[in-house]
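Student: take a look and give me a structure for this.
(one chain, ligands or ions: 2)
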Amino acid sequence: MNEPSLEPPGLVMWKEFITAEAECRLLNIFAGLDWPDRPGRRSLHYGYTFSYKTFGIDEEIPFKPFPDWLTALVPSGEERLPDQVCLQHYPPGTGIPPHVDTHSAYDQLYSLSLGSSVTMQFRHGESGAKIDVDLPPRSMTQMKDDSRLHWTHGIRARKTDTLSDGTVRPRRDRWSITYRWLRDGANCPCENEKLCDTAQRCKGLEKEYRWKKQNGTDAAVGAS
Ligand SMILES: O=C(O)CCC(=O)C(=O)O
Ligand SMILES: [Fe+2]
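Tutor: Ligands and ions are numbered 1, 2, ... in the order given. Below is the predicted model of the structure:
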């Protein structure tokens, strides 16, 4: 895959990663899946299961093999299949709080958008600079380097997005597939004490820190 890069640095997007026909087939498959019965954003996990306790993987739950439809959608740039994949459904009006995916647990990070465009907000951990990035349906995004480690990302819970030219765009149902690869050694070298759980642990800031700060705006809050 060639790399059409965006801001923030390290963010890469491939538009039309799949065709509209393939997207339509996938949305039909998603309609038949066994989704949790609750309002708001809903998630299904494949491979290792994401842990909402540690924001890494849940070691107690065995690896769930990827269904064929999912294997066909894995980004081709990595040497092996991802360890953890999360399919999420966002009804209009829902979002995901600003967060960094846990540095120590995960290394590479990709996300495929389906069904609806949405604006994702990136915020620089140190300067607080904000960048809005539009995620079109059928696009594959990779977060690496700075965009992965030094910027939080999130989606506001709202029914419309206002574009830079002032157009108000209603949201439709959106699905995303997030692909995560476990980090070898489970220690991140980035030293960002604001956003990195490894740096925080080295500084003696304990893991409980994350539990107490589940307002979604803080460092190591995994939000899957
Ligand atoms: O919906 C998305 O595109 C991103 C989801 C996300 O940030 C996550 O699952 O950690
Ligand atoms: Fe994320």
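
Student: which parts of the protein sit against ligand 1?
Tutor: In this structure, the chain approaches ligand 1 at residues 86, 88, 96, 101, 111, 113, 153, 176, 178, 223-224, judged by Cβ under 6 Å from any ligand atom. Just so you know, the C-beta spots here come from the backbone N, C-alpha and C atoms, and that holds for glycine as well.

Student: mind checking how far stretch 194-205 is from the chain centre?
Tutor: Centroid separation for stretch 194-205 versus its chain: 21 Å, with Cα atoms, centre = their mean, to the nearest Å.

Student: partners of the residue sitting nearest the centre point of the chain in the sheet?
Tutor: Centroid-nearest residue in the chain, with Cα atoms, centre = their mean: residue 178, separated by 5.1 Å. Residue 178 has the following beta-bridge partners by DSSP bridges: residue 86, residue 111.

Student: pretty sure it is in contact with residue 108, am I right?
Tutor: No. Checked against Cβ atoms under 8 Å, the pair residue 178 and residue 108 is beyond contact range at 11.0 Å.

Student: and the residue in the chain positioned nearest to ligand 1, what does it touch?
Tutor: Nearest to ligand 1 in the chain, going by Cβ to the nearest ligand atom, is residue 176, at a distance of 3.3 Å. The contact partners of residue 176, by Cβ atoms under 8 Å, 6 or more residues apart in numbering, come to 87-88, 90, 111-114.

Student: many thanks, we can stop here.
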